[in-house]
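[1] below: sequence and its predicted model.
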Amino acid sequence: MKRLILLVLILSSASIYGQRNSAAVKLGVFDPGATSGGFIIGYEGGRRIDENLSVGWSVDWYRKEYIDEALVRELNDFDDLAIGTVNELRAKTNLHDIPVMFTMRANFPMRNRMGVYITGSIGAEVLLIWYRNYENPNNDEFQGAFDFSWRLGAGMYYELGSRSDLIGEITYHSSEPSWTYEVNDEGRTRLFERRFDMSGLMARVGIRFFF
């Protein structure tokens with residue numbers, strides 16, 4: 001009998017310990033200030049501090065190919081002879097946004113296997129940018145940009161089973177990476193600053209697993 005009780009306690013402890021880690025996959029839309037909205041995918045790993053508080057990390061990927069209208073206006077002011085399609089081609093940008101963040105989440109259980117949560121994150125924003133060369137706008141050039149980022153959000157979860165939740169959340173993300181480059185044209189020189197306002201709302205759904 002003592003052995004049976006001991007075995008039950010060991011299995012119970014293993015079950016509790018085994019569910020202290022979590023992993024979540026999230027899919028949704030992100031609408032930053034620099035571009036129009038687009039698809040975003042993310043992964044979040046976590047570890048429970050107690051039954052309601054978790055900490056962890058996250059990484060997301062957002063891609064957008066667009067024409068930077070703010071840059072078009074600056075180029076038009078700099079070279080008014082090239083107003084139109086040439087400057088639009090020069091402002092064509094292929095952007096990959098990869099925020100890597102430390103996360104914290106607080107759960108507030110409700111009835112019927114449902115609950116709400118609030119979440120906050122801080123971290124670094126990495127932009128991988130392919131932009132057009134000023135002298136030869138048919139050629140791509142590569143540049144990286146970085147910035148501090150933070151995020152606040154709230155969501156709801158539904159317990160699909162003992163080790164899985166269906167989640168939905170709305171989050172505000174804030175960062176503004178930038179970089180500068182010099183343009184020389186017929187003896188004129190100007191320093192352009194490319195600022196990428198990656199602040200905006202994201203709405204996502206996903207599944208969180210516990211193990």
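    Cool, the structure landed.
[2] so what's Arg151 up against?
    99, 101, 119-122, 171-174 (C-beta atoms under 8 Å, 6 or more residues apart in numbering). To be clear about C-beta, it is placed using only N, CA and C from the backbone, and glycine gets the same treatment.
[3] what's opposite it in the beta bridge?
    On the basis of DSSP bridges, Arg151 is bridged to Ser121, His173.
[4] before we move on, back to that, among the contacts of Arg151, name the buried ones.
    99, 101, 119, 121, 171, 173-174 (16 or more other C-beta atoms under 10 Å).
[5] will you turn those residues into a markdown table that also has distance to Thr93 and pLDDT?
    Putting these into a markdown table (distance: C-beta to C-beta, whole Å; pLDDT from 0 to 100) gives the following:
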| residue | distance to Thr93 | pLDDT |
| --- | --- | --- |
| Pro99 | 18 | 98 |
| Met101 | 24 | 98 |
| Thr119 | 30 | 98 |
| Ser121 | 26 | 98 |
| Thr171 | 24 | 98 |
| His173 | 19 | 98 |
| Ser174 | 21 | 98 |
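[6] wait, which of the residues you listed is closest to Gly144?
    Pro99 (13.8 Å; C-beta to C-beta).
[7] host element of that closest one?
    Here Pro99 is covered by strand 92-109, with elements defined by DSSP states H and E.
[8] and that strand, what other elements does it pack with?
    In terms of contacts (3 or more C-beta pairs under 8 Å, 6 or more residues apart in numbering; DSSP states H and E), strand 92-109 is packed against strand 38-48, strand 53-67, strand 114-132, strand 140-161.
[9] any chance of the ones you listed in a markdown table with distance to Lys92 as columns?
    Shown next, in a markdown table, are the helices and strands packed on strand 92-109 (distance: least, C-beta to C-beta, whole Å):
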| stretch | distance to Lys92 |
| --- | --- |
| strand 38-48 | 16 |
| strand 53-67 | 6 |
| strand 114-132 | 5 |
| strand 140-161 | 9 |
